[in-house]
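[1] Next one to model:
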Amino acid sequence: EPNPDLFHVLRRRRPGDKVLNVGVIDDPQSKSRKLYVMKNSVLSTFDPLEAAEIEKSGSSKIVSAQDVAMLNINQLVSEHFSSGGPNFLNLDVEGLDLGILRSLDYSRFRPEVICVETIRHIPGQKDFKREEIFALMSEKGYLNFADTYVNTIFVDAKKWEDRHCV
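    Numbers count the residues shown, from 1 in each chain. Presented below is the predicted three-dimensional model:
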């Protein structure tokens, strides 16, 4: 959890979980980045253009901008998953999802299920699905399993096909 305030809440409420006060990014060279913390904290983002759009629309206000440590997705998984990676990956990083999905090393870390925010909401405009995420997931061998309008659940196609072969 990159937001320091929410990080402390999560650590208190989920003492059995490993909670990191970092952001996740696709760039392995980026060590820190500015987090734009919004009054409506679910809209906080590392993307300055996204933060400005949110503020301009009146959806929320920027309450602070602070530097946060960043980890590349592959670095995060290799350092914090002794089992070789998560079976389930939930990704909701306000506009940076595609870059992180592109940079994930699927040959080393291949989640069986990936839930990702696929809707793009621009205040004052019609929402639309981010088709490039669907194309990438298909290219990586994932099936579009379910959709909640905001999020899409992708399942490893090979694992899905082999599920009855036990």
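
[2] Can you pull up the most central residue in this structure?
    What sits nearest the mean C-alpha location of the chain, by Cα atoms, centre = their mean, is residue 91, with 2.7 Å.

[3] phi, psi of it?
    phi -120, psi 120 (degrees, to the nearest 10).

[4] May I ask you to name the longest strand in the chain?
    Using DSSP state E to define each element, the chain has its longest strand at strand 62-72.

[5] Next, the buried residues of it.
    Neighbour counts over strand 62-72 (16 or more other Cβ atoms under 10 Å) mark 62, 68, 70, 71, 72 as buried. To be clear about C-beta, it is placed using only N, CA and C from the backbone, and glycine gets the same treatment.

[6] you'd agree the third one is up against residue 29?
    No. Taking Cβ atoms under 8 Å as the contact criterion, residue 70 and residue 29 are not neighbours in contact, 9.6 Å apart.

[7] Next, the contact list for residue 35, please.
    By Cβ atoms under 8 Å, 6 or more residues apart in numbering, the contact set of residue 35 is 2, 3, 23, 44, 45, 46, 65, 66, 67, 68.
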